[in-house]
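>>> just coords:
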């Protein structure tokens, strides 16, 4: 199981939002590349990047910063936020991104997403960003919900050649109070697509609990920035079973 340290970008800074609320932002730094290098130095092999401005506007804003991270580190990078068309996907892959996360675009144009996911060119390079608010799949920077439940969506993509599903319970995101273990386990068991958990991790015990679920990895942001534990310690728990 892998650690996916998170870098959320807004106004070209490293930030975190509480429960996806753009009015509840904490800024942690002004140099995304330096932060990525720090995670790499701690032993991370993956990096999870979200363009928060892009998620809200529908157009990526931080392509330059993302490209620099891909060029100047050895990290495998997955990116989400504001990705609404094939051109943007190709831009990100050309910049060195390993996996591209589609959330709103996938849920609002399902036929397009399925066609894209089944193209050999994109096999295992696309990730479904599945964000749940009270069990319902959320879109548009978490500001709207759909009629579908997260479980229904996960079942729909069973058998697809996706890189992963990233599952975020919005109610726990940024709270440090612990992930929604029952919902995460149910979703991971509902599909054969690898699942990455996101949201709520506040201490190493939360990571130890997640380690027993059938997950590909865990995304951690605020707990790292607030020094609840280090990236190296998280890697020891998730990847080395310590």
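Sure thing, it's come through. The structure displayed is predicted, hence computed values, not measured ones.
>>> switch to C-alpha atoms for all contacts and neighbour counts from now on
Noted.
>>> which residues touch the host helix or strand of residue 4?
Assessed by DSSP states H and E, residue 4 sits inside strand 2-10. If you take CA atoms under 8 Å, 6 or more residues apart in numbering as the criterion, strand 2-10 is touched by 14-16, 32, 35-36, 39, 44-53, 62, 216-221, 224, 231, 234-235, 238-239.
>>> which element follows that strand toward the C-terminus?
strand 13-18.
>>> how far does the next helix or strand after that following strand sit from the chain's center?
Counting by DSSP H and E, the next helix or strand C-terminal to strand 13-18 is strand 21-29. Taking CA atoms, centre = their mean, to the nearest Å, one finds strand 21-29 lying 17 Å from the centre of the chain it belongs to.
>>> elements contacting the helix or strand following strand 21-29?
Going down the chain from strand 21-29, the next helix or strand is helix 32-41, by DSSP H and E. Packed against helix 32-41, as judged by 3 or more CA pairs under 8 Å, 6 or more residues apart in numbering; DSSP states H and E, are the following elements: strand 2-10, helix 63-72.
>>> partner strands of the following helix or strand past the longest one, parallel or antiparallel?
In other words, helix 63-72. Following helix 63-72 in sequence order, the next helix or strand is strand 76-80 (DSSP H and E). Strand 76-80 has the following strand partners under DSSP bridges: strand 46-51 (parallel), strand 99-102 (parallel).
>>> If I take the longest one and helix 32-41, what angle do their directions form?
An angle of 160 degrees separates the directions of strand 46-51 and helix 32-41 when computed by axes from the mean of the first three to the mean of the last three CA atoms, to 10 degrees.
>>> what element comes up after strand 46-51 heading to the C-terminus?
Beyond strand 46-51 on the C-terminal side, the first helix or strand identified by DSSP H and E is helix 52-57.
>>> burial of residue 224, as a residue count?
Around residue 224 there are 18 other residues, counting by other CA atoms under 10 Å.
>>> Find the helix or strand that it is a member of.
Using DSSP H and E, residue 224 sits within helix 222-225.
>>> And residue 152, by the same measure?
Going by DSSP H and E, residue 152 is part of helix 150-156.
>>> For that helix, buried residues please.
Applying a neighbour-count criterion of 16 or more other CA atoms under 10 Å, one finds 150, 151, 153, 154, 155 buried in helix 150-156.
>>> Format those as JSON lines; extra columns: distance to residue 175 and pLDDT.
Shown next, in JSON lines, are the buried residues of helix 150-156 (distance: CA to CA, whole Å; pLDDT from 0 to 100):
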{"residue": "150", "distance to residue 175": "20", "pLDDT": "87"}
{"residue": "151", "distance to residue 175": "23", "pLDDT": "90"}
{"residue": "153", "distance to residue 175": "25", "pLDDT": "92"}
{"residue": "154", "distance to residue 175": "24", "pLDDT": "94"}
{"residue": "155", "distance to residue 175": "28", "pLDDT": "95"}
